[in-house]
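Asks: Predicted structure and sequence below. I'll ask about it afterward.
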Amino acid sequence: MAKTKRYRQKNTFMYIMLAPYLLFLFFFGIVPLIMAFFEIPAKSLTNPNGGFDAFNIVLHDFRFGTAAKHVAGFMAIFVPLMIVFVIGMALMLDMNTAKWKKYLRMAYIVPASVSGAVAVLMWYVILEPTLSPFKWIINLFGVKEATQIWQTQNLVYILAFMAFFAMAGNWILIQYGSLQSISTEILEAARVDGCSAFQLAVRIKLPLIRKYVIYMGVLVFAGGLQIFVEPQLLTTSVYQGIANAWSFDQLSYTLAFTSGDFGGASALSIMLLIPSLLGALVVIYKTDMFEDAKRVRGQKIEAEG
Amino acid sequence: MRQHLKRKYSLLAIAAAAVIGGTMVSPIAAQAAKPSILIWVDAPRLPGAQLYAKIMAPTVNVKVELHAQGDLLAKVQLFNRIKKGWPDVVFGPPNDVAVLRNPIINNAMALDSLLPAATWKAFGNGNNWCKGADGKTYCIKNDLAQSVLWYNTKLFKEFGYTVPTKMSELFAIGADLAKNHPGYSLGALGDQAANSSYFWPSQCPLNAEKSATRVVINSKDPHCTRVTKALQPLIDAKVYDPRSPFDAGFIKDVGQAGKLVANIGPSWYGDFVLRPASSYAVKAGEWTAAPMPIWDGEKVAYSGEYGGGIYTVSPHSKFPKEAVAFAMFMVGDKRNLVTVTNPDGSHGAPTFPAYGPGNALWAAKVNADTFWASSPYPAMAAQANKVFSGEKPVRYDTNGAWGAAFSPALAKDGNIQNALNAYATYISNLAQQLGYEVSTK
Amino acid sequence: MTLLDKPVETVAKRKKKSAIRTNSRWGISLVNSWLVFFAIISVIPMIWLILAPSKTDPEVTHKNPLSFGSFSGYIHAWKHLQFFDNGVIGRWVVNSVLYTTAIVFIATITASLAGFVISASTIKFKRVFLISTLLMMLVPPVALVIPLFVEMDKVGLIDNPWSVILISSLYPFGAFLSYIYYTTTIPPELYESARLDGCNDFKLWLKIALPLSGPLLSLLAFFAFIGNWANYFMPYIFLPSSTNYTLPLGLGFLFYSTPAINPGVGATSVPILKPEIALAGVLVAVPIMIVFLLSQKRLVRGMLAGSIKE
């Protein structure tokens, strides 16, 4: 009893340390989210009478079905590609540490450092067969003219590729960082036991960073569902309109910014939130995401033994 | 719940005030005597707007801000929500007037009483775009983007062509090119180009708004099918290119290769598409413009438009007179039209002023340009009052739809009627979503 | 603490040695050449971007994409970017640096503290807190535009940089990452023994968590920087006055009216073409590389070596 009391007293410090983040979370996260829900019934050009009919209007938008099809196709490529590739790269980077590898990691984040209008120009040039520094790769696919690339059915692949390049570097960095948090003692012990580099990666390292992998999985899934930047870049560039309202988030953005229908945009956003959140919760509760380090470490030691 | 939220707001106010402390800007005391206006323009209009602010400094406080065209509606919605912040006068793309006039948005006021009748009259047909179905004027047109026939005088002489005055004559040139001069082109049709150069001048009803709640969209109207029937064989013969006129491949293969013989395009096409070294880079002394050829059986050789910005004034403005005065400075004052220095070193307004007296001032600038085989101004002036007025500003994004529906369909199999049908289906959906009843007649 | 003073070098060397011992050289060089190959693919577009301003606009499309024009090209492009006279572009750079520094500072500290508290404390509602943090990462930003705008108006912060700084300082991604980091790195026995030694919660953080936070903080700071340095959307919504613009925002307005990006606008006398945009892209990207190099110094194993031995 005395012990509990002492802990409770100590928690005041904990609350103080948590307070700044909690304030931000409350005022710029929770409150706006609740307000967003109450924006839905606002009157707009698409919902002239107002009210929660907004959900219905969005679901029956003529672009909703095609956006769903696009996003599903995109995610089927993007999500597995990201997870497998990023984890693989991070493990390979971690196989031996050499100083020059810092520059490799820097190279991987270069594509992510270009954004907005500059990214428009960059991708336009990369995918334009007459200008591209990757001409040789493009020609390899038998493509000589831009019109061969810019077919609607190709967009799923192009966009998965663009999104992959924009995000892979950052996640490689995070997963590499997560591998750095494994103590050298564990790795040495495994090596002494005769683990090969491959075994070390799959049997020892991967289980130790699985929380990071789950975290990444959740965010890559949600990010894929909310794909926005890449199709928006394409559609505002030289191939204007090619990916108009191509994804859910673009439809939401179009509703808000070209139809002035913030209510519909909110309705769609909240509908999108549900699958992301459910997916996230299932994954998190099915795994040991909320367990503390003790339990995780215990399992690991058992595995080693 | 609302009260609950309100309580949260005041909590927020206290918290934020505590965090921010003294750094908040103190509101400037309202000045009763001197009017102040807030102007929003895009980058090309910035030098003129800044000059205006300088000139007016003694009598009017003018604040100039840049904004990205196309996002205006969203910003207005935000301002509507907090009931302040609206700019007094905004430069924007032509469709904005329909969007802003809608009572839900309510950010374009009727301007009729703010200028003398003589000024309105001097616009001629140049300001027709801004007239609502109720007969009132809701915007001031900055520039006209009327289509004219740009052509290569040297190639015309070489191939023995005369300047076509009828569309059938232009298409006959196309047929001759296909037969005797393969590889030569009459231009590209992707994006809005097909519309502003062919469908709109042919009176094809695509965005024919009849009232605030009814629009006519009919891609199978004879005024549309006569275009597609005439163009299809020439697309098949590669005289017309299904790509966009801005496609890098088209620029390289046709524009810069000197394969372009003639091209119907807006009045700004010469200076900004044909001429720049990074674009088609046509040679000096070879090109000029002629008036639009007439469709057989018609009385007027109509033009379409590709762009052409507008100024709208917010009904929330406290100084609408001063706001309109700015728009008139931009379209009618020599200091903006001719003398102001642009960031690229050029002078004056870049495009054809919609206001009659304004474009007369601007004419001297074009006439003095020795780049053209002869001045293209007479052709532009001839078409200035002939933009077909059946095509109207509408609340949905027609320009985006050309890229979204028409261009991909045309690129796919080169069938222009199918592409036009795809466009019509797409905008019909958009129109219905925004509260229009869509009909084919 | 003393354990942490172990020189990084030795650990790295030792590790390298043992790696070579247990792996075939062939496998290592195969892995390394793949890593290098992917790095080359990643930087080629940036090399193109760096070379582009040396050329004129027609040369960008005519010449070999990876060829060099002349040094004067950079000067020309830089002059053209100075669209607003009286050096307001310098102001934008200063604004960008100030706003981003403030956000990185606030976001990194608040998020890492939050992650620590959730992993180390016995406070209530930990799961509610984690789930709402997760929720914030999953919300499409468009939904929050109006509410945030209304909030900022209530406190009079529209057109005040603090609006962008405060909103962007909410860093759920960082908070969750910190939580994972602390739960996987620090075993609870460490806290318990420290508590028995009479440490209060603050000292727990100061003596145990903070010394182990190097790699975490550098990751958090780097991602806060990369996310906010080039942010266009927030300043666009909240900061209408040109004196408050950030570099990406000011340049963005110029870009959206150039036919090089947006041919629909057609006619413009703004001399912003491909070389100018490329130069701006390099200017925005270079600080990201610098911050990367600064923050990555700490991201080496061995910082942690042995800390969890007991």
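Replies: Sure thing, it's come through.
Asks: C-alpha from now on. contacts and neighbour counts both.
Replies: Will do.
Asks: domain assignment for chain B?
Replies: Taking automatic domain parsing as the reference, chain B has its domains at B:35-141+B:309-350, B:147-305+B:386-439.
Asks: so can I have TSV of those domains showing mean neighbour count, mean pLDDT and distance to chain A?
Replies: Formatted as TSV, the domains of chain B follow (neighbours: other C-alpha atoms under 10 Å in any protein chain shown; pLDDT from 0 to 100; distance: least, C-alpha to the nearest C-alpha, whole Å):
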stretch	mean neighbour count	mean pLDDT	distance to chain A
domain B:35-141+B:309-350	19	91	5
domain B:147-305+B:386-439	21	93	4
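Asks: Reformat those as a markdown table; add distance to residue A:252.
Replies: Shown next, in a markdown table, are the domains of chain B (distance: least, C-alpha to C-alpha, whole Å):
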| stretch | distance to residue A:252 |
| --- | --- |
| domain B:35-141+B:309-350 | 12 |
| domain B:147-305+B:386-439 | 14 |
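Asks: Which stretch among those approaches residue A:241 most closely?
Replies: Of all the domains of chain B, it is domain B:147-305+B:386-439 that lies closest to residue A:241, at 4.0 Å by C-alpha to C-alpha.
Asks: start to end distance for the closest one?
Replies: Terminal residues of domain B:147-305+B:386-439 are spaced 27 Å apart (C-alpha to C-alpha, to the nearest Å).
Asks: Over to stretch B:269-281?
Replies: Counting by C-alpha to C-alpha, you get 12 Å between the two ends of stretch B:269-281.
Asks: is that stretch anywhere near chain C?
Replies: Yes. Counting by C-alpha under 8 Å from any C-alpha of the partner chain, chain C is contacted by stretch B:269-281 at B:269, B:271, B:272, B:273, B:277, B:278, B:279.
Asks: can you tell me how far whichever residue of the stretch 1-150 of chain C sits closest to chain B sits from residue C:149?
Replies: Going by C-alpha to the nearest C-alpha, chain B is nearest to residue C:58 of the stretch 1-150 of chain C, at 4.3 Å. Separation of residue C:58 from residue C:149 (C-alpha to C-alpha): 43 Å.
Asks: between the two, who's got more neighbours?
Replies: Comparing residue C:58 with residue C:149 by neighbour count (other C-alpha atoms under 10 Å in any protein chain shown), the higher total belongs to residue C:149, at 20 against 16.
Asks: The lengthiest helix in chain A: which residues count as buried?
Replies: Of all the segments of type helix in chain A, defined by DSSP state H, the longest one is helix A:64-95. Neighbour counts using 16 or more other C-alpha atoms under 10 Å in any protein chain shown place A:64, A:67, A:70-72, A:74-75, A:77-79, A:82-83, A:85-95 of helix A:64-95 among the buried residues.
Asks: how far out from the middle of the chain is it?
Replies: Relative to its chain's centre, helix A:64-95 lies at 9 Å (C-alpha atoms, centre = their mean, to the nearest Å).
Asks: Any part of that helix near chain C?
Replies: Yes. Using C-alpha under 8 Å from any C-alpha, helix A:64-95 reaches chain C at A:89, A:92, A:93, A:95.
Asks: so after that helix, what's the next helix or strand?
Replies: helix A:101-109 (DSSP states H and E).
Asks: quick one, that next one and helix A:64-95 angle?
Replies: 170 degrees (axes from the mean of the first three to the mean of the last three C-alpha atoms, to 10 degrees).
Asks: average pLDDT across helix A:101-109?
Replies: Mean pLDDT, helix A:101-109: 87.
Asks: Residues in contact with that helix: which ones?
Replies: Contacts to helix A:101-109, defined as C-alpha atoms under 8 Å, 6 or more residues apart in numbering or on different chains, come from residues A:93, A:168-170, A:172-173, C:35-36, C:38-40, C:42-43, C:289, C:292-293, C:296.
Asks: Would you map the strands across the stretch 151-300 of chain B?
Replies: B:208-211, B:214-216, B:262-266, B:287-290 (DSSP state E, counting those that start in this stretch).
Asks: so how far is whatever helix or strand the residue of the stretch 1-150 of chain C closest to chain B lives in from its chain's centroid?
Replies: In the assignment (DSSP H and E), residue C:58 maps to helix C:57-62. Offset of helix C:57-62 from its chain centre (C-alpha atoms, centre = their mean): 32 Å.
Asks: In terms of secondary structure, what does it contact?
Replies: When contacts are defined as 3 or more C-alpha pairs under 8 Å, 6 or more residues apart in numbering or on different chains; DSSP states H and E, helix C:57-62 sits against helix C:274-296.
Asks: ok, and does the helix it packs on reach over to chain A?
Replies: Yes. Helix C:274-296 reaches chain A (C-alpha under 8 Å from any C-alpha) through C:274, C:277, C:278, C:280, C:281, C:284, C:285, C:288, C:289, C:292, C:293, C:296.
Asks: most centrally placed residue in chain B?
Replies: Central residue of chain B (C-alpha atoms, centre = their mean): residue B:307, 1.5 Å from the mean position.
Asks: Could you confirm that residue falls within a helix?
Replies: No. Counting by DSSP: H, G, I helix; E, B strand; the rest coil, residue B:307 is located in no helix; its state is coil.
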